[in-house]
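Asks: only the shape, not the letters, is given here:
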């Protein structure tokens, strides 16, 4: 039966029913994604050293040392464009964007980034996109270039 053949009350119930079904599907998906993120963060925390875990709990990032060059990197908690090469005092020098393929939660992405930087840094940087960082540094504001 088309919408034209329905009474206004019945049409409203039909539309409302569709909205409720869409909301329930969204809520179920969100719940699964939320559980996935919690599992991802749990796994990440298990792989972090004591120092890295304390840093992550305090600042929502942790630092790793590249296995090939000895450079220091900061991995921030957010999707993509979240890896920064840092100098000896913790200032970002360059941003690196590389993520594993597939739909992974942030905790799993951060863990993959940690592992690859600590075991095959050159391969990670070979496929990564570089981006300049803004000064003063604000994570996520890498798209604004330096004025000098």
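Replies: On my side now, so go ahead. Just so it is clear, the model here is predicted, and its values are computed rather than measured.
Asks: quick one, what contacts the residue most central in space within the chain?
Replies: What sits nearest the mean C-alpha location of the chain, by CA atoms, centre = their mean, is residue 79, with 2.2 Å. Neighbouring residues of residue 79 by CB atoms under 8 Å, 6 or more residues apart in numbering: 99, 106, 109. (Each C-beta comes from the backbone N, C-alpha and C, glycine too.)
Asks: neighbour-wise, which of those leads?
Replies: Tallying neighbours with other CB atoms under 10 Å puts residue 109 at the head of the contacts of residue 79, with 22 neighbours.
Asks: just the strands in the chain please.
Replies: Counting by DSSP state E, one finds strands in the chain at the ranges 61-65, 72-76, 83-86, 92-97, 129-131.
Asks: got the ones you listed as JSON lines, with mean pLDDT, mean neighbour count and distance to residue 49 columns?
Replies: Output for the strands of the chain, formatted as JSON lines (pLDDT from 0 to 100; neighbours: other CB atoms under 10 Å; distance: least, CB to CB, whole Å):
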{"stretch": "strand 61-65", "mean pLDDT": "96", "mean neighbour count": "18", "distance to residue 49": "9"}
{"stretch": "strand 72-76", "mean pLDDT": "96", "mean neighbour count": "20", "distance to residue 49": "13"}
{"stretch": "strand 83-86", "mean pLDDT": "96", "mean neighbour count": "21", "distance to residue 49": "17"}
{"stretch": "strand 92-97", "mean pLDDT": "94", "mean neighbour count": "18", "distance to residue 49": "21"}
{"stretch": "strand 129-131", "mean pLDDT": "93", "mean neighbour count": "12", "distance to residue 49": "27"}
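Asks: export those strands to a markdown table and tack on distance to residue 54?
Replies: Formatted as a markdown table, the strands of the chain follow (distance: least, CB to CB, whole Å):
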| stretch | distance to residue 54 |
| --- | --- |
| strand 61-65 | 9 |
| strand 72-76 | 15 |
| strand 83-86 | 17 |
| strand 92-97 | 21 |
| strand 129-131 | 28 |
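Asks: quick one: terminal-to-terminal distance for stretch 61-70?
Replies: One end of stretch 61-70 sits 19 Å from the other (CA to CA, to the nearest Å).
Asks: same check, this time on stretch 96-106
Replies: Stretch 96-106: ends 16 Å apart by CA to CA.
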